[in-house]
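# Give me the fold of what follows.
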Amino acid sequence: MNTPTLFWFRRDLRLSDHPGLTAALAQGAPVIPLFILDPETEAMGAAPRWRLGESLRSLDAALRAKGSRLILRRGDALEQLTALIAETGADAVHWTRAYDPDAIKRDTHVKKALKDQGFGAESHPGHILFEPWTVETGQGGFYKVYTPFWKAVRDRGQSDALPPPTDLAPPADWPASDALDNWAMGADMVRGAGIVAKYARVGEAAAFERLDAFIDGPIASYADDRDRLDLNGTSGLSENLTYGEISARSCWHAAQRAMRDGATGAETFLKELVWRDFAYHLIYHTPHIAARSWREEWVGFPWRNDNADAEAWKRGRTGEPVIDAAMRQLYVTGTMHNRARMLVASYLTKHLMTHWRVGQRWFEECLIDWDPASNAMGWQWAAGSGPDAAPYFRVFNPATQAEKFDPKAAYRKAWVAELSDGDAPATATDFFAAIPRSWDLAPTDSYPEPRVDLKAGREAALAAYSNHKNKKGEAA
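Down below sits the predicted model:
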């Protein structure tokens, strides 16, 4: 009973509704919480790596409040786990499953090696609602289209959320731990970290506060307001779900209760939770979605790689106000409104004819809610190359989209200082405090002319699509 168990935290940085941690504690032995900064994790972009560090700090504080602590180690996952087993006498390791290809490769290797050495190694659900191998079509395969996927799972029950542990008995001796500050998780953010920190909501307590506030108000009109750029109509929970500071199951149950209480937007929110699951099912079944076009017919499409237009897009200087507002919101807050994500992705891949991988990599660098599955599927959905994609001929017009979803230009003025009638709001000026000095931009700069005429850009994109489709047909 005194032989400790290791619990390896990853994207599950919470104590409540935690199947893996609950299973580890059920062994009746002391549990040593552990986080490993392995090469796969260290490869994260600047903003998500900084945000991960803040989440680790919050989790450690929560653990210490219950008499425990978070042990930090850096290096190869298997090497660090093996070393800790030797140091502590632990006989088993538990963790929450991940579904992206890099994580699966790592975890499969770790589990086999530990078991071969005679140690327990057990993975658990908890990051998504439905395990990828539990949802099948009538023919036995996985779903490639969202709507039937939603219909297949919407009436499935979810077991009750698990309570947090009341206390965490410590081991007789704690192993050595790295100091989080020595990891310098925000080093690549430079001066941007201080700006983004003002907008981030870190940790489990903040996540539940966010959920409660959403259920008490915006969820009622979520179906209508979630696309409005100028309204606070969304939950903001993607930041917290990314690091597992709250479980999807907790969000599901809260939305179900709201729906029973008459909140008309609750079902739409449930669909968004399932959309997140759909992305994870796809990356599990078709891992190539993370790095190359999901649809084979899109291989060889004449997208451009990085170019001057794409650089202007990254810097919020395209001359299209709603695009620039969204890209500046990204740099200041580390997040972006979901409708805006569709607009900037469509604009980059279609009006600027730039490969979706360019945008995907920029989001990987800048999003504090970066998620490997959702980011990959979202970019390919917008580009037309992915599953359940918007048809390529659907080219969002930024100007008309702005009129519809930001009718009084409140969103654009909030983020683009050059468009302000008087003194620019703090949200807009924060952009100039966060960006690299090498960009040499200031609020007093004149606003740029559009990089491309919207009508001409749309026609060029459609012509390229038509030519590519014809060539593919000839090759067939």
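
# who does the helix or strand where residue 6 lies touch, helix- and strand-wise?
Residue 6 is part of strand 5-9, with elements assigned from DSSP states H and E. In terms of contacts (3 or more Cβ pairs under 8 Å, 6 or more residues apart in numbering; DSSP states H and E), strand 5-9 is packed against helix 19-25, strand 31-37, helix 77-88, strand 92-96. (Glycine included, C-beta is placed from N, CA and C.)

# Dump those into a markdown table; add distance to residue 137 as well.
Listed next are the helices and strands packed on strand 5-9 as a markdown table, based on distance: least, Cβ to Cβ, whole Å:
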| stretch | distance to residue 137 |
| --- | --- |
| helix 19-25 | 27 |
| strand 31-37 | 37 |
| helix 77-88 | 34 |
| strand 92-96 | 27 |
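
# circling back: in the strand holding residue 6, which residues are buried?
Neighbour counts over strand 5-9 (16 or more other Cβ atoms under 10 Å) mark 5, 6, 7, 8, 9 as buried.

# Which of the residues you listed lies at the shortest distance from residue 20?
Nearest to residue 20 among the buried residues of strand 5-9 is residue 7, at 6.7 Å by Cβ to Cβ.

# can you pull up the bridge partners for the closest one?
Beta-bridge pairing for residue 7 (DSSP bridges): residue 33, residue 94.

# isn't it right up against residue 33?
Yes. With contact defined as Cβ atoms under 8 Å, residue 7 and residue 33 form a contacting pair (5.3 Å).

# Give me the common contacts of the two.
Applying Cβ atoms under 8 Å, 6 or more residues apart in numbering, one finds that residue 7 and residue 33 are jointly contacted by residue 21.

# Can I get the worst-scoring helix or strand of the chain on mean pLDDT in CSV? Just the C-alpha atoms.
For the chain, counting by mean pLDDT, DSSP states H and E, helix 454-475 ranks last in confidence among helices and strands (a mean of 88). As requested, the backbone C-alpha atoms of helix 454-475 are provided in CSV (Å, rounded to 0.1, in the frame of the first residue of the first chain):
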residue,chain,number,x,y,z
LEU,A,454,-11.8,41.2,-53.3
LYS,A,455,-13.6,40.5,-56.6
ALA,A,456,-10.4,39.9,-58.5
GLY,A,457,-9.0,37.7,-55.7
ARG,A,458,-12.2,35.5,-55.7
GLU,A,459,-12.1,35.1,-59.5
ALA,A,460,-8.4,34.2,-59.4
ALA,A,461,-9.0,31.5,-56.7
LEU,A,462,-12.0,30.0,-58.6
ALA,A,463,-10.0,29.9,-61.8
ALA,A,464,-7.1,28.1,-60.1
TYR,A,465,-9.6,25.6,-58.6
SER,A,466,-11.2,25.0,-62.0
ASN,A,467,-7.8,24.5,-63.7
HIS,A,468,-6.6,22.1,-61.0
LYS,A,469,-9.9,20.1,-61.1
ASN,A,470,-9.6,19.8,-64.9
LYS,A,471,-6.0,18.7,-64.7
LYS,A,472,-6.9,16.1,-62.1
GLY,A,473,-9.7,14.9,-64.3
GLU,A,474,-7.3,14.6,-67.3
ALA,A,475,-4.8,12.7,-65.2
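
# what residues does that helix touch?
Residues from elsewhere that reach helix 454-475, judged by Cβ under 8 Å, 6+ apart: 297, 300-302, 320, 350-353, 384, 392-393, 395, 397-399.

# Stretch 115-126 too?
Stretch 115-126 has contacts (Cβ under 8 Å, 6+ apart) with 5, 12, 17-20, 23, 82, 85, 90-97, 107, 110-111, 114, 131, 244, 247, 249.

# For PyMOL, what selects the buried ones among those residues?
The command below creates a PyMOL selection of those among these that count as buried (16+ other Cβ under 10 Å):
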select buried, resi 5+12+17+18+19+20+23+82+85+90+92+93+94+95+96+97+107+110+111+114+244+247+249
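
# secondary structure class for the closest residue to residue 266 other than its chain neighbours?
Counting by Cβ to Cβ, 6 or more residues apart in numbering, residue 266 lies nearest to residue 259, which is 3.6 Å off, once chain neighbours are set aside. Assigned with DSSP: H, G, I helix; E, B strand; the rest coil, residue 259 falls in the helix class.

# cool, residue 73 as well?
Assigned by three-state DSSP, the conformation of residue 73 is strand.

# List the contacts of the residue lying closest to it once chain neighbours are set aside.
Among residues not flanking residue 73 along the chain, residue 80 sits closest, at 4.3 Å (Cβ to Cβ, 6+ apart). Going by Cβ under 8 Å, 6+ apart, residue 80 touches 36, 38, 73, 74.

# ok, residue 80 to residue 123 distance?
Residue 80 sits 17 Å away from residue 123, going by Cβ to Cβ, to the nearest Å.

# got a list of contacts for stretch 169-176?
For stretch 169-176, contacts defined as Cβ under 8 Å, 6+ apart pick out 2, 4, 30, 31, 32, 67, 68, 69, 71, 84, 87, 88.

# Ok, stretch 398-417 next?
The contact list for stretch 398-417 (Cβ under 8 Å, 6+ apart) reads 227-230, 316, 320-326, 328-329, 332, 337, 339, 343, 347, 419-421, 424-425, 427-429, 431-432, 443, 447, 454.
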